[in-house]
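Participant: generate a structure from the sequence data that follows.
(2 chains)
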Amino acid sequence: MKKLIFGILAISFACSSGDKPADEQAFLDELDSMKIEGPAISEEVISDIIQSIPSPLEISVLLKESGTKYNSAILNTPDNTSKYNSNYSKALNLGIFGTDLGYTNIYQQNQDGLDYMASIKELADGLNIGQFFDIETIGKLATNSKNLDSLLLITTQNFNSINHYLQEQNRSNLSVLLLTGGWLEAIHVTCQVSSQDPDNKELQEKIGEQKIILENIVLLVSFYKETDSNMKALMDDLLKLQTAFDAIEITTTYKESTMEVIDGVMVIKDNSESHVNITTENVEEIKSLTEAIRKKVIS
Amino acid sequence: MKKLVYLFVATLFLTAFSLDAKAQCNADSYSNDCIPKLSGGFNFLKSYKIDGVGGSKKKVEYSYVFTKGTQYMINICSEGESTDGIVVSLYDSKRQKVGTSEYQGQKLTAIAYPCNNTGIYYITYTFSESSKYCGGSALGFKR
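Facilitator: Okay, the predicted model is just below:
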């Protein structure tokens, strides 16, 4: 009987501890020490909002397809990487570099892309999430322009994995910062390009539409304002930017959509239309406020 | 002593059962299967897990801000080539149904949505005569 009990105990111990070797446990303990006091809102709700924020890659594709030339001068330089020492600045600038990497990838500027990848890896390592970047594979893909689709896929997957991991680890605050940095850089790049091409109404509309996304970002950042002074300061800056967006009106005319099956895919025809009422002056104000926030973040 | 043994055995069974229940739906694997199926120039954006927890969950929902001028595709993967009764429906910010993958009794594997109206959209997965209530999905975009 004793043998049976010992046997069961041994199996129970093996089951409970087998998937967490000592080094992994040490790693998890280290992560625990980096947690901040959580917000009152549930992680699930935060995760749902984070999931809904569109990828900055969509804007990079729009810029490329609108005929805008590649301009590395409007991006944050990888030389700034060593300036980012706190988790707060690492996470924000990881998001910024993520958008810059997407932009260089879309324009197939592979050498610049590799520089951004190195910065991303360094910041990610500093946040203990470097394991999600397979820099060797990305480096190989970047050597051939035919690999663009794979390159975009793997980098998008890397960032998605990071966001899932951070949320699982109850470190959504970093996920929110990563996303905010990514969005900030995307709107900065769009404003810069729009300012040089004020007749491009599509770009202006794209900037105006960011009003919807900013609302969600402010909401996400607000969850941490009571527990993190950096987040509180960031939120105050974003609220000023939101005031500039208040002047922009988005009107929608709803009509029922229609559907047809084409090659086994249900293609929905959207019969609704939206219009963004935004002026060149609105763009300049948004550009100026965005620049001010970004300068604080990247300096 | 016998009680102690029974307790351990029961604990072991419960642990094994709960691990098995969790392993029943490998939604991540189906989501990964869906990514390369985003054909026709669509760039991958997100993958979604569809776990109906053996039928106890009636719907699985995600949201995403779609933007005007962009075309989106959402596909569904499950066991084999079929969707195993999983239907994806798209709702706009006012919760009005925009479209669905169910058509004349058929359950199609993908929907495409050229967006004319920027806003938050709800991507809802429901189950209709599903056997495993388990699948994955991927969202892609192109201009």
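Participant: could you count how many residues lie near residue B:29?
Facilitator: The number of residues packed near residue B:29 is 13, by other C-beta atoms under 10 Å in any protein chain shown. Heads up, the C-betas are built off the backbone N, CA and C, glycines and all.
Participant: quick check: the gap between it and chain A.
Facilitator: For residue B:29, the distance to chain A (C-beta to the nearest C-beta, to the nearest Å) stands at 14 Å.
Participant: helix, strand or coil for that residue?
Facilitator: Secondary structure, DSSP: H, G, I helix; E, B strand; the rest coil: residue B:29 is helix.
Participant: OK, contacts around the closest residue to it other than its chain neighbours?
Facilitator: Nearest non-adjacent residue to residue B:29, counting by C-beta to C-beta, 6 or more residues apart in numbering or on different chains: residue B:136, 7.1 Å away. Contact analysis of residue B:136 by C-beta atoms under 8 Å, 6 or more residues apart in numbering or on different chains lists B:27-34, B:47-50, B:76-78.
Participant: could you do residue A:189 as well?
Facilitator: The contact partners of residue A:189, taken as C-beta under 8 Å, 6+ apart, are A:59-60, A:63, A:74-75, A:99, A:103.
Participant: contact partners for residue 70?
Facilitator: You didn't say which chain, so I picked chain A. Listed by C-beta under 8 Å, 6+ apart, the contact set of residue A:70 reads A:103-104, A:107, A:109.
Participant: hm, I was asking about chain B
Facilitator: Residue B:70 makes contacts with A:58, A:62, B:114-115, B:141-143, as judged by C-beta under 8 Å, 6+ apart.
Participant: narrow those to those in helices?
Facilitator: A:58, A:62 (DSSP state H).
Participant: buried subset of the contacts of residue B:70?
Facilitator: Neighbour counting with 16 or more other C-beta atoms under 10 Å in any protein chain shown marks A:58, A:62, B:115, B:141-142 as buried within those.
Participant: and the strands in chain A?
Facilitator: Using DSSP state E, the strands of chain A run over A:249-253, A:258-262, A:265-269, A:273-277.
Participant: just put those strands in JSON lines and tack on mean neighbour count, distance to chain B and mean pLDDT.
Facilitator: Converted to JSON lines, the strands of chain A look like this (neighbours: other C-beta atoms under 10 Å in any protein chain shown; distance: least, C-beta to the nearest C-beta, whole Å; pLDDT from 0 to 100):
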{"stretch": "strand A:249-253", "mean neighbour count": "13", "distance to chain B": "6", "mean pLDDT": "93"}
{"stretch": "strand A:258-262", "mean neighbour count": "12", "distance to chain B": "5", "mean pLDDT": "95"}
{"stretch": "strand A:265-269", "mean neighbour count": "19", "distance to chain B": "4", "mean pLDDT": "96"}
{"stretch": "strand A:273-277", "mean neighbour count": "16", "distance to chain B": "4", "mean pLDDT": "93"}
